[in-house]
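Undergrad: coords please:
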Amino acid sequence: MCGRFALTSTPDAVQSLLAVTDFEPFPPRYNIAPTQPILMAMSGPTRAPGSNLPARQTMLVRWGLIPSWAKNPADLSLLFNARSETAAEKASFRTAMRHRRTLVPANGFYEWRRVGSKKAEPYWIRPKHGGLIAFGGLMESWSEPGGTEMDTGAILTTEANEDLRGIHHRMPVVIQPEDFERWLDCLNQEPRHVADLLKPAQPDFFEAVPVSDRVNKVANVGPDLQERVERREEARSAPKPRDDGGQLDLF
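TA: This next block holds a predicted model:
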């Protein structure tokens, strides 16, 4: 799953990765949580200058997808993750999967490992090569009864790779730069054409850094959240992965 993540690279780095032009600067964010605004990139309605490809546009959306058909969002669970294996068939996600696939820039994400029945230990999970990555995302617009439109989104998840399975059994889908064009091309690429991209990251792509439980509180937003803390890992055995779907709970 992906219940918290961070975007701390410079706006120039994000702009370079996503190849976007309509971009507003932003401060580093170390503890992005569901219901907060997140940055997404998707194919726009116009062509890129000097190219036959659609220009990419960015937008801020509410993290927590609301299907367009929803009458009252309060009646729905908070859909901040979408299982990639079933997104093309699920009523909540299938329209977005067909027409509004996005990229979500990030420097990494947080995950919690269960220890016993109550305690959960947080980890900062980042690419070993450092820098920026892009999660696969979905965007949906929802109209309030008064007519105001709100853009909302979810991050796609898949099975955890062997490096992260001992922490949690799900992880966000990572779209590689060479696949950006195909992933975002909702005009020519149906969900079945991009299903091969919805896979776990390669082994050794990520590293998991044990961090303080200060990240548990949304109000804590400083860079200290990513500092390593020491734990006696050798005294513990990895817990069995939970099979709860991983998309409706935070931990």
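
Undergrad: check what pLDDT the residue nearest the centre of the chain gets.
TA: Geometric centre of the chain, nearest residue: residue 155, 3.7 Å, by CA atoms, centre = their mean. For residue 155, the pLDDT comes out at 98.

Undergrad: now for the lowest-mean-pLDDT helix or strand in the chain, which elements pack on it?
TA: The helix or strand of the chain with the lowest confidence, counting by mean pLDDT, DSSP states H and E, is strand 37-47 at a mean of 86. Secondary structure elements in contact with strand 37-47, counted by 3 or more CB pairs under 8 Å, 6 or more residues apart in numbering; DSSP states H and E, are strand 54-63, strand 101-106, strand 133-143, helix 180-184. To be clear about C-beta, it is placed using only N, CA and C from the backbone, and glycine gets the same treatment.

Undergrad: hang on, residue 73 packs against residue 66?
TA: Yes. Applying CB atoms under 8 Å, one finds residue 73 in contact with residue 66, separated by 4.9 Å.

Undergrad: between those two, which is the more surrounded one?
TA: Comparing residue 73 with residue 66 by other CB atoms under 10 Å, the one with more neighbours is residue 66, at 23 against 18.

Undergrad: residues touching the more buried one, list them.
TA: Residues near residue 66 by CB atoms under 8 Å, 6 or more residues apart in numbering: 73, 76, 79, 140, 142, 150, 152.

Undergrad: how near is the last one to residue 121?
TA: It stands for residue 152. Going from residue 152 to residue 121 by CB to CB, to the nearest Å gives 31 Å.

Undergrad: compare these two and say which is more crowded by neighbours.
TA: Using other CB under 10 Å as the criterion, residue 152 and residue 121 rank with residue 152 on top: 24 against 18.

Undergrad: strand 133-143 and the helix or strand hosting the more buried one, what's the angle between them?
TA: Here residue 152 sits within strand 149-159, counting by DSSP states H and E. Using axes from the mean of the first three to the mean of the last three CA atoms, to 10 degrees, the direction of strand 149-159 lies 140 degrees away from that of strand 133-143.

Undergrad: how far off strand 101-106 does strand 149-159 point, in degrees?
TA: Using the same axes, to 10 degrees: strand 149-159 against strand 101-106 is 80 degrees.

Undergrad: strand 149-159 - contacts with which helices or strands?
TA: strand 54-63, strand 81-83, strand 101-106, strand 133-143, strand 170-172.

Undergrad: reformat these as a markdown table; add distance to residue 18 and mean pLDDT.
TA: Formatted as a markdown table, the helices and strands packed on strand 149-159 follow (distance: least, CB to CB, whole Å; pLDDT from 0 to 100):
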| stretch | distance to residue 18 | mean pLDDT |
| --- | --- | --- |
| strand 54-63 | 6 | 91 |
| strand 81-83 | 20 | 98 |
| strand 101-106 | 6 | 98 |
| strand 133-143 | 7 | 96 |
| strand 170-172 | 16 | 98 |
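
Undergrad: so which of these is nearest residue 160?
TA: Among those, the nearest to residue 160 by CB to CB is strand 170-172 (4.5 Å).

Undergrad: can you put the helices and strands packed on strand 149-159 in TSV and add mean neighbour count?
TA: Converted to TSV, the helices and strands packed on strand 149-159 look like this (neighbours: other CB atoms under 10 Å):
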stretch	mean neighbour count
strand 54-63	19
strand 81-83	23
strand 101-106	26
strand 133-143	22
strand 170-172	26
